[in-house]
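>>> any chance you could fold what I've pasted below:
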Amino acid sequence: MSRHDFQIPVTFKHRVCFTRDAFGPGNPLLGEILAEGEGRRVLVAVEESVAKAWPELTRQIETYFADLGFDWRGIQMLPGGEAVKRDDALVRRIWETIDRQHIDRHSYLLVIGGGAFLDAVGYAAATAHRGVRLVRFPTTTLSQDDSGVGVKCAINGFGKKNWIGAFGVPFAVINDFAFLHSQDEETRRAGLIEAVKVSLVKDGAFFEWIEKHVEELAALVPAALEACVEQSALLHARHIAQGGDPFETGSSRPLDFGHWAAHKLEQLSGFALSHAHAVAIGAGLDTLYSARCGLLRESVAERVIDVISGLKLPLWHPALDLRDADGRRRVHEGLEEFREHLGGELTVLLLREAGIGQDVHALDEGLVDACLDLLRERQALLDAAQPVPKV
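Residues are numbered from 1 along each chain as shown. Sure thing, here's the model as predicted:
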């Protein structure tokens with residue numbers, strides 16, 4: 001019998017860029033990035049809703065690549081939204097195009113769209129030829145300030161969020177602020193919850209900045225919105241690159257604060273509830289729980305709840321009251337599903353202070369229920385536009 005252990009050191013460059021009008025004449029960023037690789041063949045996938053909101057986008061892209069002299073393989077318009085993650089239909093369409101256009105591991109697949117679209121196209125890119133170079137252009141607040149700068153991709157499976165997926169560092173992420181303003185106002189605002197989340201677990205000073213500018217952010221003042229998105233994206237990317245576990249082999253997931261309930265709530269709503277709104281509720285829940293279990297000062301929890309509601313984000317959804325045959329809230333099932341998805345021991349991040357988290361390995365169901373009841377009451381008061389008592 002013989003055993004041989006080898007270390008395989010691998011270093012990835014994670015390019016995260018910020019610009020405006022990336023396909024505009026005179027903007028060299030994309031061309032400079034693509035020139036860092038050997039490939040010349042380019043295929044572009046665009047979410048249909050983005051193309052509809054930006055009618056000149058197709059012409060701009062074609063002109064940009066004609067001027068650069070790349071081996072242009074065209075633009076594929078595809079549907080987006082959470083529905084594209086429910087099965088592998090979109091993934092198969094991308095695979096077929098990759099095969100038909102002879103896209104190889106040195107070619108580039110540019111993907112332009114929101115988070116769910118990036119996920120599905122990214123999964124296709126990660127699995128075609130075991131990995132085609134992917135350049136992401138996130139177009140929503142949520143994808144620019146969080147998921148678009150990540151190193152994973154997934155679609156849903158067996159009724160569970162992100163069950164089928166892969167890790168893969170994109171060749172580049174280009175956050176083009178011009179895309180932000182093509183969203184509807186609710187979507188543009190809702191994505192700010194991921195900035196709130198990362199501030200709570202990584203940067204208390206950033207949370208204070210959000211708190212100070214919450215009215216500007218709620219009003220979608222461009223300068224405030226773009227500054228918030230950039231700082232959030234950098235905090236997410238820095239954690240991935242420097243946090244010691246980019247491919248999540250351990251059990252701790254600080255960037256998933258509030259997500260154990262959020263993912264289950266999305267599922268319980270039949271994915272009618274957006275990811276951003278689900279995270280707002282999940283973050284509110286875990287913030288209140290942090291205070292009620294004695295980790296976090298009540299005054300800080302109150303500030304967090306005020307910021308979430310100040311951004312016009314929900315604190316409650318009726319699916320939180322769905323119960324099983326024994327009368328147990330079904331959202332509690334999300335804890336075990338979260339543990340299984342992450343692997344290892346259940347690890348949930350709670351808050352000790354704005355910007356400081358603490359991992360715990362169990363939650364008290366009775367206390368979770370009490371916090372959910374508080375959120376329901378708070379939402380009812382907000383809906384009635386009455387003065388809101390402190391939590």
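
>>> bridged to residue 111, which residues?
residue 45, residue 136 (DSSP bridges).

>>> contacting residues for it?
Shown in contact with residue 111 (C-beta atoms under 8 Å, 6 or more residues apart in numbering): 44-45, 117-118, 121-122, 125, 134-137. Yep, even glycine has a C-beta here, placed from its N, CA and C like the rest.

>>> one more: residue 133?
Taking C-beta under 8 Å, 6+ apart as the test, what residue 133 contacts is 37, 39, 105-109, 125, 171.

>>> least confident of these?
Among those, residue 39 carries the lowest pLDDT, at 83.

>>> residue 125: how many residues sit nearby?
Neighbour count of residue 125, defined by other C-beta atoms under 10 Å: 32.

>>> for the strand or helix carrying it, what is the distance to the chain centroid?
Using DSSP states H and E, residue 125 maps to helix 115-127. Helix 115-127 sits 13 Å away from the centroid of its parent chain (C-alpha atoms, centre = their mean, to the nearest Å).

>>> which strands or helices does that helix pack on?
strand 41-47, helix 89-100, strand 108-113, strand 133-138, helix 141-145, strand 152-157, strand 160-167 (3 or more C-beta pairs under 8 Å, 6 or more residues apart in numbering; DSSP states H and E).

>>> quick one: average pLDDT of the fourth one?
Just to be clear, that refers to strand 133-138. Per-residue scores along strand 133-138 average to 98.

>>> now the fifth one
Summarised as a single mean, pLDDT over helix 141-145 is 97.

>>> who does that helix touch, helix- and strand-wise?
helix 115-127, helix 177-180, helix 185-190, helix 193-202, helix 222-242.

>>> also the last one?
Strand 160-167 makes packing contacts with helix 115-127, strand 152-157, helix 259-268, helix 333-342 when contacts are defined by 3+ C-beta pairs under 8 Å, 6+ apart.

>>> one step back: any chance of the helices and strands packed on helix 141-145 in TSV, plus distance to residue 143?
As requested, the helices and strands packed on helix 141-145 are exported to TSV (distance: least, C-beta to C-beta, whole Å):
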stretch	distance to residue 143
helix 115-127	4
helix 177-180	9
helix 185-190	10
helix 193-202	9
helix 222-242	10
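
>>> still on that earlier bit, let me know the closest of the contacts of residue 111 to residue 81.
When the contacts of residue 111 are ranked by distance to residue 81 (C-beta to C-beta), residue 117 comes first, at 7.5 Å.

>>> how much space between that closest one and residue 144?
As for residue 117, its distance to residue 144 is 13 Å (criterion: C-beta to C-beta, to the nearest Å).

>>> follow-up on the earlier one: most tightly packed of the helices and strands packed on helix 115-127?
Greatest average neighbour count among the helices and strands packed on helix 115-127 goes to helix 141-145 (a mean of 29), per mean count of other C-beta atoms under 10 Å.

>>> quick one on the thing from earlier: for residue 186, find the nearest of the helices and strands packed on helix 115-127.
helix 141-145 (10.5 Å).

>>> for the closest one, the distance to its chain's centre please.
Between the centre of helix 141-145 and the centre of its host chain there is 7 Å, according to C-alpha atoms, centre = their mean.

>>> which regions of the protein lie under the pLDDT threshold?
Judged by pLDDT under 70, the chain has its weakly predicted residues at 250-252, 386-391.

>>> so for it, the centremost residue is which one?
In the chain, the C-alpha closest to the average C-alpha coordinate belongs to residue 147, at a distance of 3.0 Å (C-alpha atoms, centre = their mean).
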